[in-house]
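1. Next input, structure requested:
(2 chains)
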There are 2 protein chains.
Amino acid sequence: MFSDRFDQLVQALRILPSVGPKSAQRMALHMIMKNREGAIGLAQALTEATDHIHECTICHSLTEDDVCHICSSHERDDELLCVVESPADVMAIEQSGSFRGKYHVLGGHLSPLDGIGPEEIGIPYLIQRLSQGKVKEVILATNATVEGQATAHYLVEASKHLPLHITRIAQGVPQGGELEYVDSHTLSQAVHNRMRMK
Amino acid sequence: MFSDRFDQLVQALRILPSVGPKSAQRMALHMIMKNREGAIGLAQALTEATDHIHECTICHSLTEDDVCHICSSHERDDELLCVVESPADVMAIEQSGSFRGKYHVLGGHLSPLDGIGPEEIGIPYLIQRLSQGKVKEVILATNATVEGQATAHYLVEASKHLPLHITRIAQGVPQGGELEYVDSHTLSQAVHNRMRMK
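-> Now for the predicted structure:
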């Protein structure tokens, strides 16, 4: 609209998730008109981040070093391994403060129709990691979606021969959930997995 | 969370309008995990835009040249001048396709409590521009807010001595508006400014 570079900036902002043409325009204008310093800072942060952040060689989460700070920590329980689909899930579980073991990031879930089989999400490497004998319990924390469930079931089968406890994160009514508004699949799971109180 | 540079990127994304901590995290993860090329492109677009885009010396809208493409166009009516608060308003009016004259961007509105008087939004320069005699009609398209209205009224007073038509963009029920849901101030304006149909 104002110039080619302005249009290019609007276009470039469209890569951000849930940013449409109108929001991109608003963001571009906001930065050019009101926060050029912030825009320059953002450009630098993007360059720095893309240059230095990569996968941890052990757990496949994100890090700037060879091994991430969770894998290299001596304060975390080596016997507990939480398997998740993506680094975003590591972040979510860390923010919940509920887990003090280590992680393994698959980088996706099984999806045969999209050509994503066990090799593509590094399951052989995970099995090899588990075979070293350090891990005593694997917590399967893949998503509660059809693909996440299938991936969890596949992992149980694939590690059958190993002397491991395998658990799955609980599924049921979320905290603060009102039964009236919870979908019936979740509700039937919650009834099926009911816990003894007395 | 994953590394300092990741946190810095999340922080840098917070300058974007209506991006909170959760969205910034999601954006950072999306770019690092799924679209590094896009992130590098965005960094470049930001640098290019902040380096080259500045105010037009005539209308104070945005441009990469001395004079923007609207001010330098021979196809636009020099006798019609539309006064707006910001380049975003130029963009909105251009996108409506309803105006073929030229623009003047104030860069704000009068707001005495914030120390913004006529000088701060360049009203003396606008009056000087109008005094050159080229412009025959000024369309006041400041926002329909209290400050926008006050700015419009001030401009009418300040250009009283000039042989000009001065108009204000119409205020009333928006297109598709259902009277039931329109606020009463707008409705009373719409009744007051009713237009003769026969």
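
2. where does chain A have low pLDDT?
-> Low-confidence segments of chain A, defined by pLDDT under 70, are absent.

3. Show me what the strand of greatest length in it is packed up against.
-> With secondary structure taken from DSSP state E, chain A has its longest strand at strand A:77-84. Judged by 3 or more C-beta pairs under 8 Å, 6 or more residues apart in numbering or on different chains; DSSP states H and E, strand A:77-84 is in contact with helix A:87-96, strand A:101-105, helix A:123-131, strand A:137-140. (Each C-beta comes from the backbone N, C-alpha and C, glycine too.)

4. any idea of the angle the second one forms with helix A:123-131?
-> Between strand A:101-105 and helix A:123-131, the angle comes out at 160 degrees (axes from the mean of the first three to the mean of the last three C-alpha atoms, to 10 degrees).

5. Is chain B within reach of strand A:101-105?
-> No. On the criterion C-beta under 8 Å from any C-beta of the partner chain, strand A:101-105 is out of touch with chain B, staying 10.1 Å away.

6. What is the distance between the longest helix belonging to chain A and the centre of its chain?
-> Scanning chain A for the longest helix, with DSSP state H as the assignment, gives helix A:36-52. Mean-position distance between helix A:36-52 and its chain equals 24 Å (C-alpha atoms, centre = their mean, to the nearest Å).

7. What of stretch A:146-158?
-> Using C-alpha atoms, centre = their mean, the offset of stretch A:146-158 from its chain centre is 16 Å.

8. can you list the domain ranges for chain A.
-> Residue ranges for each domain of chain A read A:4-52, A:72-168, as given by automatic domain parsing.

9. For A:His60, which non-adjacent residue is spatially closest?
-> A:Val105 (4.1 Å; C-beta to C-beta, 6 or more residues apart in numbering or on different chains).

10. how deep is A:Gly133 tucked in, by neighbour count?
-> By the measure other C-beta atoms under 10 Å in any protein chain shown, the count of residues near A:Gly133 is 9.

11. go on, A:His153?
-> Neighbours of A:His153 under the rule other C-beta under 10 Å: 14.

12. A:Ser188 too?
-> Per other C-beta under 10 Å, the neighbour tally for A:Ser188 reads 10.

13. Between the two ends of stretch A:136-156, how far is it?
-> Counting by C-alpha to C-alpha, to the nearest Å, you get 14 Å between the two ends of stretch A:136-156.

14. Residues contacting it, please?
-> Stretch A:136-156 is contacted by residues A:79-85, A:89, A:93, A:99, A:101, A:106, A:109-111, A:118, A:121, A:123, A:126, A:130, A:159, A:164-169, A:171 when judged by C-beta atoms under 8 Å, 6 or more residues apart in numbering or on different chains.

15. Show the buried residues in the residues you listed.
-> A:80-85, A:89, A:93, A:99, A:101, A:106, A:109-110, A:118, A:121, A:123, A:126, A:130, A:159, A:164, A:166, A:168-169 (16 or more other C-beta atoms under 10 Å in any protein chain shown).

16. coming back round to it: most tightly surrounded among the helices and strands packed on strand A:77-84?
-> Highest mean neighbour count of these: strand A:101-105, a mean of 23 (counted as mean count of other C-beta atoms under 10 Å in any protein chain shown).

17. Okay, now the sheet partners of that one, with direction.
-> Within its sheet, strand A:101-105 is paired with strand A:77-84 (parallel), according to DSSP bridges.

18. from the middle of its chain, how far away would the strand it pairs with be?
-> How far strand A:77-84 lies from its chain's middle: 15 Å, per C-alpha atoms, centre = their mean.

19. Next: stretch A:111-128.
-> Relative to its parent chain, stretch A:111-128 has a centroid offset of 16 Å by C-alpha atoms, centre = their mean.

20. likewise stretch A:33-45?
-> Distance, centroid of stretch A:33-45 to centroid of chain: 28 Å (C-alpha atoms, centre = their mean).

21. partners of the residue nearest to A:His60 in the sheet?
-> Residues in beta-bridge contact with A:Val105 (DSSP bridges): A:Val84.

22. distance of it from A:Glu48?
-> A:Val105 sits 22 Å away from A:Glu48, going by C-beta to C-beta, to the nearest Å.

23. what's near enough to touch the residue nearest to A:His60?
-> Shown in contact with A:Val105 (C-beta under 8 Å, 6+ apart): A:55, A:59-61, A:84-87, A:89-90.

24. where's it relative to chain B, distance?
-> 10 Å (C-beta to the nearest C-beta, to the nearest Å).

25. cool, A:Gly20 as well?
-> In terms of C-beta to the nearest C-beta, A:Gly20 sits 13 Å off from chain B.

26. That residue: how many residues sit nearby?
-> 10.

27. Now it. Nearest residue, chain neighbours left out?
-> In space, A:Gly20 is closest to A:Arg14, 7.6 Å off (C-beta to C-beta, 6+ apart).

28. The one you found: neighbouring residues, count only.
-> By the criterion of other C-beta under 10 Å, A:Arg14 has 14 neighbours.

29. got the contact list for the closest residue to A:Leu80 other than its chain neighbours?
-> Spatial nearest neighbour of A:Leu80, chain neighbours left out: A:Gly101 (2.7 Å); criterion: C-beta to C-beta, 6+ apart. Shown in contact with A:Gly101 (C-beta under 8 Å, 6+ apart): A:76-82, A:137, A:139.
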